[in-house]
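Colleague: Test case, fold it:
(one chain, ligands or ions: 1)
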Amino acid sequence: MPELPEVEALAGYLRQRAVGRRVDRLEIAAISALKTYEPAPTAVAGRAVVDASRHGKFLDVLFEGDLHLVVHLARAGWLHYREAFPATTPLRPGKGPIAVRVRLDDGSGFDLTEAGTQKKLAAYLVTDLAAVPGVAKLGPDALAADLPTFAERLRSRRGQVKGVLTDQSVLSGVGNAYSDEILHSAKLSPFAITDRLTDAQMATLHAATRQVLGDAVERSLGQRAAELKGEKRSGLKVHARTGLPCLVCGDTVREVSFADSSLQYCPTCQTGGKPLADRRLSRLVR
Ligand SMILES: [Zn+2]
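Modeller: Down below sits the predicted model:
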């Protein structure tokens, strides 16, 4: 799932490549992906792209006249920039991975795509960002928050730090992959309880958040949009590395599974050498 660093890089790429260009046509291929009715997609035609930015994990493409195309890429969504499109015929709705296509006046443009059968990508055409429900309730940006803000937000929600760190209304931008990386870097158990973290642990967690996200943004920027996914994987130290050696201490990276996700951690670095209970695995053992 694209998180803060990837979406930041996509916005950066669009700022470089698309800003200043005028829209020929915005096409919606996956009707269910567009969550708004007014203004209609035809209202985008003829407008110049004036900016591209990020709110948490939401991508925001701004057209002249204060019209925003806001996109949440969900788990399997991505943006592909095309120097040219193979045909000028409009997309046929309901076929293939393309949800939204934006054609620009130089023949280039971009597709918002979603792999797999679970269609969760959400696009909004709005003149007021507050009209996007997910954006309206976002907490402060995880990369921009200073230590007092960061600590206040995390302590405002009592719970396991893994869950609180990925709660977009607490802090925005961090998802499953980077929370694993941040907690590994901070040497904290994913199940540590937020309001029991000491000031020193909180400061370490804040520094790790900035370091991990900042490094990932750095790696991602300047990369072509199509390559960002591979780049993200190569920079990870524990996430999606179950069974492989921890790159810091050499212990074996372990996993805890949930119904539709899993987390990875290093026992030596994060939990005093003790493996966390994995209910799915314990069931198998029993
Ligand atoms: Zn380790």
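
Colleague: For the rest of this, base every contact and every neighbour count on C-alpha atoms.
Modeller: Noted.

Colleague: Just give the number of residues close to the residue in the stretch 51-200 of the chain that the ion sits nearest to.
Modeller: Closest approach between the stretch 51-200 of the chain and the ion, counting by C-alpha to the ion: His184, at 7.7 Å. Using other C-alpha atoms under 10 Å, His184 has 27 other residues around it.

Colleague: Buried residues, the helix or strand containing it. List them.
Modeller: Element membership of His184, judged by DSSP states H and E, is helix 176-185. Buried residues in helix 176-185, counted by 16 or more other C-alpha atoms under 10 Å: Asn176, Ala177, Tyr178, Ser179, Asp180, Glu181, Ile182, Leu183, His184, Ser185.

Colleague: And the third one, what's its pLDDT?
Modeller: pLDDT for Tyr178: 97.

Colleague: quick one, what contacts it?
Modeller: Contacts for Tyr178 (C-alpha atoms under 8 Å, 6 or more residues apart in numbering) come out as Glu3, Val212, Leu213, His239.

Colleague: just for the protein, where's the confidence low?
Modeller: 222-234, 279-286 (pLDDT under 70).

Colleague: Near the ion, which residues of the protein are found?
Modeller: Cys246, Val248, Cys249, Cys266, Cys269 (C-alpha under 5 Å from the ion).

Colleague: and the fourth one, what is it in contact with?
Modeller: Contacts for Cys266 were tallied using C-alpha under 8 Å, 6+ apart; they are His184, Val238, Cys246, Asp251, Thr252, Val253, Arg254.

Colleague: how much space between it and Asp215?
Modeller: Using C-alpha to C-alpha, to the nearest Å, Cys266 is found at 20 Å from Asp215.

Colleague: How about the third one?
Modeller: Taking C-alpha to C-alpha as the measure, Cys249 falls 20 Å from Asp215.

Colleague: Which helix or which strand is home to Leu79?
Modeller: Using DSSP H and E, the element containing Leu79 is strand 77-82.

Colleague: cool, and Leu213?
Modeller: Per DSSP H and E: helix 199-220 holds Leu213.

Colleague: and the angle from that helix to helix 176-185?
Modeller: Interaxial angle of helix 199-220 relative to helix 176-185 (axes from the mean of the first three to the mean of the last three C-alpha atoms, to 10 degrees): 130 degrees.

Colleague: thinking Val23 is in contact with Val49, fair?
Modeller: Yes: using C-alpha atoms under 8 Å, Val23 makes contact with Val49 at a distance of 7.2 Å.

Colleague: and Ala123, how many neighbours?
Modeller: By other C-alpha under 10 Å, 25 other residues sit near Ala123.

Colleague: Over to it. Which of the three states is it?
Modeller: Classification of Ala123 by DSSP: H, G, I helix; E, B strand; the rest coil places it in strand.

Colleague: what sits against it?
Modeller: Ala33, Leu34, Lys35, Thr36, Leu69, Val70, Val71, His72.

Colleague: which of the residues you listed has the most neighbours?
Modeller: That'd be Val71 among the contacts of Ala123, by other C-alpha under 10 Å, with 26 neighbours.

Colleague: Confirm for me that it is in contact with Leu59.
Modeller: Yes: between Val71 and Leu59 there is a contact under C-alpha under 8 Å: 5.1 Å.

Colleague: What are the boundaries of the strands in the stretch 101-250 of the chain?
Modeller: Under the criterion DSSP state E, counting those that start in this stretch, the stretch 101-250 of the chain contains strands at 109-114, 122-126.
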